[in-house]
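Participant: Got a predicted structure here, sequence first:
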Amino acid sequence: MNIIAGEDQGELTTKSYKVSAGRDVIAGSIVIVAGLMFVSTGGTMLSSSIASLSGHTGGPDNLLVSAFLLNIALILFGWRRYKDLSNEVTERKAAEERANSLAATDPLTGFLNRRAIAEKAAEMISTAERKNKSIAFLMLDLDNFKTVNDVHGHSAGDLVLKEVASRIAKVIPPNSLLARLGGDEFACAFTFDADQPEIVDRIADDLIEAIASPILENGNHLVVTTSIGLSRFDFETSGIDLLMRSADIAMYSAKKQGRNRYCWFDESMEQELQVRNFLESGMRAGIPKGEFVPYYEKQIDLATGTLTGFEMLARWESPSQGLISPEVFIPIAEETGMIGDLSLSVMRQSFLDAKSWDPSLTISINISPIQLLDPWLAQKIVKLLVETGYPPNRLEIEITESSLFENLSLAQSIVGSLKNQGIKIALDDFGTGYSSLAHLRALPFDRIKIDRSFVTSILDNQESKAIVKAITGLGESLGMPITAEGIEDKDIETELRLIGCSKGQGFYYGRPLSIEQNRKILAERNLLPAPTEQLAPKTENPAVAANPIDQEIRKAG
Ligand code: C2E
Ligand code: MG
Ligand code: MG
């Protein structure tokens with residue numbers, strides 16, 4: 001298995017050898033010259049000593065003796081220097097070889113690193129071309145590695161990475177390139193016969209199976225799965241960069257299709273990526289321009305039918321694409337780190353708007369799991385409340401269970417700070433994901449929101465009904481009232497009231513409305529007591545702003 005970079009030395013190495021070799025030559029020359037002088041002075045001195053012993057002269061000349069001794073000293077000095085230098089060169093050569101190998105290798109797994117696999121795969125391409133073979137490039141990303149790290153600690157995480165590396169090495173063919181690209185991302189490349197791509201499929205299947213089998217760590221059976229992207233190099237496509245990028249795109253597609261699977265790259269994925277990049281750059285420009293705006297969905301007291309407040313749902317009023325759903329832009333905002341700015345921007349608009357509503361009305365805000373990794377989140381929200389003058393006791397923050405996996409203690413501290421200000425906390429989309437009792441007790445939730453997938457199907461699916469009943473019972477015993485979302489008709493509402501849900505929301509009470517549309521409704525119901533002075537211009541797109549009904553139709557579509 002070729003996992004270590006080759007013997008090629010860098011430019012620096014070559015230079016330092018040249019310098020050392022130069023010094024070797026000088027030290028060697030000193031020894032040689034001193035040797036020659038030794039022979040000549042030694043010879044003269046010897047003959048004069050012999051002459052003196054035989055009584056022909058008065059003994060060797062003092063100058064000659066001094067020159068002779070100096071020669072001996074020079075030889076000793078030169079020899080010592082020569083030895084020192086050759087030791088130094090040997091040590092330096094070993095150190096440079098070590099540094100080169102470290103620079104190319106991932107220390108944890110012994111695999112190549114990202115830079116080294118790109119170089120080695122480029123070499124593989126030229127060999128494969130000569131042998132008329134194709135190359136498969138596999139990009140692997142573990143699906144749930146972060147949870148292992150968070151729940152079982154970093155040493156367990158390291159053990160998992162090492163075990164995964166050894167399983168990959170066992171499955172893939174000899175002479176493959178293996179790399180750990182960083183974190184939980186691995187790559188491998190190998191040659192195969194171009195007309196037998198099924199071999200690559202089989203290897204990908206084997207990898208998925210091998211990685212998914214439990215790893216024993218400290219008495220725990222840890223299970224991680226992997227998503228794999230595959231691309232192939234057939235010489236009509238160009239370059240290692242494209243090969244790696246294609247495998248990467250295919251890997252994201254495998255993730256999107258549900259993880260624990262592999263996916264071959266195809267052109268449509270590239271298009272999808274282009275759309276995503278287009279949206280991302282539009283978002284970067286649109287957030288500071290105020291293109292992301294709050295919409296409101298009514299929340300109703302199911303027992304009395306009164307309006308209690310609204311859930312704020314962000315919308316993107318894109319000047320070029322019209323109204324865009326949060327299901328499209330929130331994941332991009334999360335991946336790119338824009339979520340914090342986006343969220344604060346819509347929150348600000350919504351606080352400025354909602355502070356003039358009737359004081360009985362509350363507002364619920366969705367907070368992404370990524371935001372709960374920001375230690376300053378609570379301070380940012382409180383600062384916004386102070387700046388806008390919106391009362392904290394009329395604010396509810398909705399967080400999902402998945403937020404609690406990333407960093408529970410940080411989430412607890414953020415939630416603690418928010419609760420100290422009088423802000424309420426709701427657990428959103430309960431029933432999906434883990435639905436764990438431990439999570440319900442980990443944070444002082446004020447309310448549970450049942451996911452709309454159970455609510456919309458409550459009349460035709462006994463399981464959904466049982467789940468809604470169970471969650472409502474759980475909420476009752478923990479002192480957490482229930483909001484049911486996704487109420488689409490009167491019959492669902494009646495059923496939920498009978499089960500005991502306290503609040504409800506859904507299309508039955510109307511679609512989410514823009515600030516202006518919502519203010520109209522509030523005014524009709526006398527729920528806008530204070531004169532409004534605070535609304536900033538909301539959109540730069542006159543077409544969108546001028547035609548709210550159009551917006552609603554587009555959104556509904
Ligand atoms: P969510 O918090 O669970 O919001 C409820 C979603 O269900 C909303 O979709 C709402 O329009 C939709 N919905 C409400 N009633 C019904 C119904 O009766 N039937 C059906 N089929 N759907 C209904 P929306 O507005 O597309 O939001 C989707 C998700 O995007 C939200 O789910 C929330 O997780 C996220 N989101 C929205 N705004 C923000 C935001 O400002 N920040 C963050 N982080 N996430 C947001
Ligand atoms: Mg919500
Ligand atoms: Mg929800």
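Facilitator: In hand now; what should we look at? Since the model is a prediction, treat every value here as computed from it, not as a measurement. Ligands and ions are numbered 1, 2, ... in the order given.
Participant: Give the bridge partners for the closest residue to ligand 3 within the stretch 151-300 of the chain, please.
Facilitator: Ligand 3 sits closest to residue 297 of the stretch 151-300 of the chain, with a gap of 10.1 Å, by C-beta to the ion. Quick note: C-beta positions are derived from backbone N, CA and C, even for glycine. On the basis of DSSP bridges, residue 297 is bridged to residue 311.
Participant: Look up phi and psi at the residue nearest the centre of the chain.
Facilitator: Among the residues of the chain, the one closest to the centroid is residue 335, at 7.7 Å (C-alpha atoms, centre = their mean). Torsion angles at residue 335 (phi, psi; degrees, to the nearest 10) stand at phi -70, psi -30.
Participant: how about the residues of the stretch 401-550 of the chain near ligand 3?
Facilitator: Within the stretch 401-550 of the chain, the positions near ligand 3 by C-beta under 5 Å from the ion are 428-429.
Participant: mind showing which ranges of the stretch 401-550 of the chain have poor pLDDT?
Facilitator: Applying pLDDT under 70 to the stretch 401-550 of the chain picks out residues 530-550.
Participant: mind redoing it with 80?
Facilitator: Counting by pLDDT under 80, the ranges of the stretch 401-550 of the chain that qualify are 405-406, 433-435, 530-550.
Participant: where along it do the helices fall?
Facilitator: Secondary structure of the stretch 401-550 of the chain (DSSP state H, counting those that start in this stretch): helices located at 403-406, 408-420, 437-442, 452-456, 462-478, 490-499, 515-524, 542-546, 548-556.
Participant: what's the burial count for the residue of the stretch 151-300 of the chain closest to ligand 3?
Facilitator: Residue 297: 20 surrounding residues under other C-beta atoms under 10 Å.
Participant: Could you measure from it over to residue 307?
Facilitator: According to C-beta to C-beta, to the nearest Å, residue 297 stands 11 Å off from residue 307.
Participant: again with residue 528
Facilitator: Counting by C-beta to C-beta, the gap from residue 528 to residue 307 is 12 Å.
Participant: Can you name the residues of the stretch 351-500 of the chain that neighbour ligand 2?
Facilitator: Listed as neighbours of ligand 2 in the stretch 351-500 of the chain under the rule C-beta under 5 Å from the ion: 366, 398, 428.
Participant: Same question for the chain.
Facilitator: So the chain meets ligand 2 at 366, 398, 428 (C-beta under 5 Å from the ion).
Participant: Of those, which is the nearest to residue 152?
Facilitator: Nearest to residue 152 among those is residue 428, at 26.9 Å by C-beta to C-beta.
Participant: right, and that closest one touches residue 449 too?
Facilitator: Yes. Residue 428 is within contact range of residue 449, at 4.9 Å (criterion: C-beta atoms under 8 Å).
Participant: list residues touching both of those two?
Facilitator: Each of residue 398 lies in contact with both residue 428 and residue 449 under the rule C-beta atoms under 8 Å, 6 or more residues apart in numbering.
Participant: Looking at those two, which one has more neighbours?
Facilitator: Shown here are residue 428 and residue 449; by other C-beta under 10 Å, residue 449 has more neighbours (28 against 23).
Participant: Quick check: bridge partners of that one?
Facilitator: Here residue 449, judged by DSSP bridges, has bridge partners residue 483.
Participant: where's the closest residue to ligand 1 within the stretch 51-200 of the chain relative to ligand 2, distance?
Facilitator: Going by C-beta to the nearest ligand atom, ligand 1 is nearest to residue 146 of the stretch 51-200 of the chain, at 19.0 Å. According to C-beta to the ion, to the nearest Å, residue 146 stands 23 Å off from ligand 2.
Participant: go on, residue 523?
Facilitator: 26 Å.
Participant: From ligand 1, how far out is that residue?
Facilitator: The gap separating residue 523 from ligand 1 is 23 Å, by C-beta to the nearest ligand atom, to the nearest Å.
Participant: ok, that residue - how many residues close by?
Facilitator: 12.
Participant: what does the stretch 151-300 of the chain put close to ligand 1?
Facilitator: residue 297 (C-beta under 6 Å from any ligand atom).
Participant: what about the strands in the stretch 151-300 of the chain?
Facilitator: 177-182, 185-192, 215-217, 220-222, 226-233, 262-264, 292-301 (DSSP state E, counting those that start in this stretch).
Participant: partners of the second one, with directions?
Facilitator: Take DSSP bridges as the rule and strand 185-192 pairs in its sheet with strand 134-142 (antiparallel), strand 177-182 (antiparallel).
Participant: Just the CA coordinates for that strand, please, in PDB.
Facilitator: Only the C-alpha atoms of strand 185-192 are listed here, as PDB (Å, rounded to 0.1, in the frame of the first residue of the first chain):
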ATOM      1  CA  GLU A 185     -12.600  13.000   5.900                       C
ATOM      2  CA  PHE A 186     -10.700  10.200   4.000                       C
ATOM      3  CA  ALA A 187      -9.800   9.700   0.400                       C
ATOM      4  CA  CYS A 188      -8.500   6.800  -1.700                       C
ATOM      5  CA  ALA A 189      -7.500   6.300  -5.300                       C
ATOM      6  CA  PHE A 190      -6.800   3.200  -7.300                       C
ATOM      7  CA  THR A 191      -6.600   2.000 -10.900                       C
ATOM      8  CA  PHE A 192      -9.200  -0.300 -12.500                       C
END
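Participant: For that strand, list every residue counted as buried.
Facilitator: Within strand 185-192, the residues that count as buried by 16 or more other C-beta atoms under 10 Å are 185-192.
Participant: Could you list the domains of the chain?
Facilitator: Following automatic domain parsing, one gets these domains for the chain: 7-104, 114-265, 279-556.
Participant: Tell me the helices and strands packed up against the helix or strand encompassing the residue of the stretch 51-200 of the chain closest to ligand 1.
Facilitator: According to DSSP states H and E, residue 146 maps onto helix 145-152. Applying 3 or more C-beta pairs under 8 Å, 6 or more residues apart in numbering; DSSP states H and E, we find helix 145-152 packed against helix 154-171, strand 220-222, helix 403-406.
Participant: any idea of the mean pLDDT in the second one?
Facilitator: For strand 220-222, mean pLDDT is 91.
Participant: go on, the longest one?
Facilitator: Helix 154-171 shows an average pLDDT of 97 in the prediction.
Participant: For residue 485, list the residues it contacts.
Facilitator: Contacts of residue 485 by C-beta under 8 Å, 6+ apart are 311, 449-452, 455, 504-506.
Participant: Mind doing that once more with 6 Å?
Facilitator: Neighbouring residues of residue 485 by C-beta atoms under 6 Å, 6 or more residues apart in numbering: 449, 452, 505.
Participant: separation between the closest residue to the second one other than its chain neighbours and ligand 1?
Facilitator: Nearest residue to residue 452, sequence neighbours excluded (C-beta to C-beta, 6 or more residues apart in numbering): residue 486, at 2.5 Å. Counting by C-beta to the nearest ligand atom, the separation of residue 486 from ligand 1 is 4 Å.
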